[in-house]
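**Student:** following is a predicted model, sequence given first.
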Amino acid sequence: MTTYVITVPGTFVNGVEDAARSDIERRLRPRDPKNTDLGESEELSLLTVEEGGMFSARIEVEASDQASAEAEAVQLISRALRDSGFPEKDAPLGPAFVTGIDREF
């Protein structure tokens, strides 16, 4: 298995309040990329929200390949958003991409 740091961009269509943002971060905390060497050295944030509601969520995922890691990341982030009160129409996600790879040989 390989540990990937995956970034998933998105947009909060109607903005996001601090309490909701904290709830999303709490739900994703077990997958915080700061648990990886890359996340720690690059000081990657779990959730970054920009003006206009654009955001990037970065999480750590263990998977056998890149496609599986990206799919799992989208699934986990979608669930965290939904469970925090953001259905897909209120927080659509963009394509996931690999931010870093930590392979164990």
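**Tutor:** Cool, got the structure. These figures come from a predicted structure and were not determined experimentally.

**Student:** what's near enough to touch Ile24?
**Tutor:** Taking Cβ atoms under 8 Å, 6 or more residues apart in numbering as the criterion, Ile24 is in contact with Val16, Leu47, Ala57, Ala80, Leu81, Ser84, Phe86. In this view, the C-beta of every residue, glycine as well, is placed from N, C-alpha and C.

**Student:** quick check on it: phi, psi?
**Tutor:** phi -60, psi -50 (degrees, to the nearest 10).

**Student:** what's the strand or helix carrying Ile6 packed up against?
**Tutor:** Using DSSP states H and E, Ile6 falls within strand 2-11. With contacts taken as 3 or more Cβ pairs under 8 Å, 6 or more residues apart in numbering; DSSP states H and E, strand 2-11 sits against strand 54-63, helix 66-83, strand 97-103.

**Student:** can you list the ones you listed in CSV and add mean pLDDT and mean neighbour count?
**Tutor:** Formatted as CSV, those follow (pLDDT from 0 to 100; neighbours: other Cβ atoms under 10 Å):
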stretch, mean pLDDT, mean neighbour count
strand 54-63, 95, 21
helix 66-83, 97, 18
strand 97-103, 86, 15
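
**Student:** contacts only, for the residue nearest to Phe12 when sequence neighbours are not counted.
**Tutor:** Spatial nearest neighbour of Phe12, chain neighbours left out: Gly53 (3.9 Å); criterion: Cβ to Cβ, 6 or more residues apart in numbering. For Gly53, the contacting residues are Thr11, Phe12, Val13, Asn14, Gly15, Val16, by Cβ under 8 Å, 6+ apart.

**Student:** if you set the cut-off to 10 Å instead, what comes out?
**Tutor:** Gly10, Thr11, Phe12, Val13, Asn14, Gly15, Val16, Asp90, Ala91 (Cβ atoms under 10 Å, 6 or more residues apart in numbering).
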